[in-house]
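Trainee: Requesting a structural model of the entry that follows:
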Amino acid sequence: MNTMEIIEVTSPLPFSPESTLSPRRDRKRKYKNYPGGLTMDTWRKRLALAPEDVIRKTFDATTQLCMQVESENRAVGRRHIKSRFPILKEKRLNDVFHSDTFYPSANTTRGETCSQMFIGKNTDYMFVKPMKTESHSAQALQDFSRTVGIPKGIKTDNAKTEVGKKWTDWCRDFCIETTFTEPHTPWQNRAEHGIGDLGVMVRRCMETFDVPMSRHGWCQLW
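Mentor: Modelled structure (predicted):
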């Protein structure tokens, strides 16, 4: 029995004298177009030794756009109407902010009845947003995140607007850790002290420049 006959008996794959590759290398070349440039044997080991027809159906159903390694490293990126990872493009603040809603004694000329206070735990940075109603607290959080940055965490009391769907969804989308004060312990919220300090500064500003009471919203922002 010559060498050609031995190959025909022992090899389960077809082999011709014109081929310069061994049957095993020819099998690897046959499956080189699978995702990642890997062979079928490698993919079977990675997929719990599933049958080849099952693996092919899996590729057809899940990897239509990534059949080659080049597709994962395309030079021209694909267009997306909405950012796939919006959290990565926003400015992050390495500080936990406390927040609370307060009600001045008079309404402003723009119809604002309350304001939302944000104050940093370590930096004591203040940000205040006048609002027409308390239900706009979630919009105030969005304006704070857009203007100043995304805080590391935010601590509030159990007000409905500060545990509502809009507020919670924004914190989830941008990975903002939310904590709450214990019941009947308002001193745990640093925003309570910040509101008092802000009131002193606003009154001082209004007395110095003779600002009418209905313009206190502008003094808060200033």
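Trainee: Only C-alpha atoms from now on, for both contacts and neighbour counts.
Mentor: OK.
Trainee: Please, which helix or strand holds residue 127?
Mentor: Per DSSP states H and E: residue 127 is located in strand 126-131.
Trainee: Each with direction, which strands does that strand pair with?
Mentor: Looking at strand 126-131 with DSSP bridges, its partner strands are strand 114-120 (antiparallel).
Trainee: Any buried residues in the strand ranked longest in the chain, and which?
Mentor: Looking across the chain with DSSP state E, the single longest strand is strand 92-102. Neighbour counts over strand 92-102 (16 or more other C-alpha atoms under 10 Å) mark 92, 95, 96, 97, 98, 99, 100, 101, 102 as buried.
Trainee: Which residues are in contact with the third one?
Mentor: With contacts taken as C-alpha atoms under 8 Å, 6 or more residues apart in numbering, residue 96 has the following neighbours: 120, 121, 122, 151, 152, 153, 154, 155.
Trainee: Okay, and the beta partners of the last one?
Mentor: The reference is to residue 155. residue 98, residue 179.
Trainee: Now do it, the pLDDT please.
Mentor: On pLDDT, residue 155 comes in at 94.
Trainee: Okay, it and residue 39: tell me how far apart.
Mentor: 53 Å (C-alpha to C-alpha, to the nearest Å).
Trainee: Could you do residue 88 as well?
Mentor: Distance of residue 88 to residue 39, given as C-alpha to C-alpha: 36 Å.
Trainee: cool, and residue 202?
Mentor: 72 Å.
Trainee: Of these two, give the one with the bigger neighbour count.
Mentor: residue 202 (20 against 17; other C-alpha atoms under 10 Å).
Trainee: ok, the more buried one - contacts?
Mentor: 216, 219, 220.
Trainee: Next, it: secondary structure please.
Mentor: Residue 202 carries the three-state label helix when classified by DSSP: H, G, I helix; E, B strand; the rest coil.
Trainee: Narrow the contacts of residue 96 to just the buried residues.
Mentor: Buried among these by 16+ other C-alpha under 10 Å: 120, 121, 151, 152, 153, 154, 155.
Trainee: thinking again about what came up before, out of the contacts of residue 96, who's nearest residue 166?
Mentor: residue 154 (14.6 Å; C-alpha to C-alpha).
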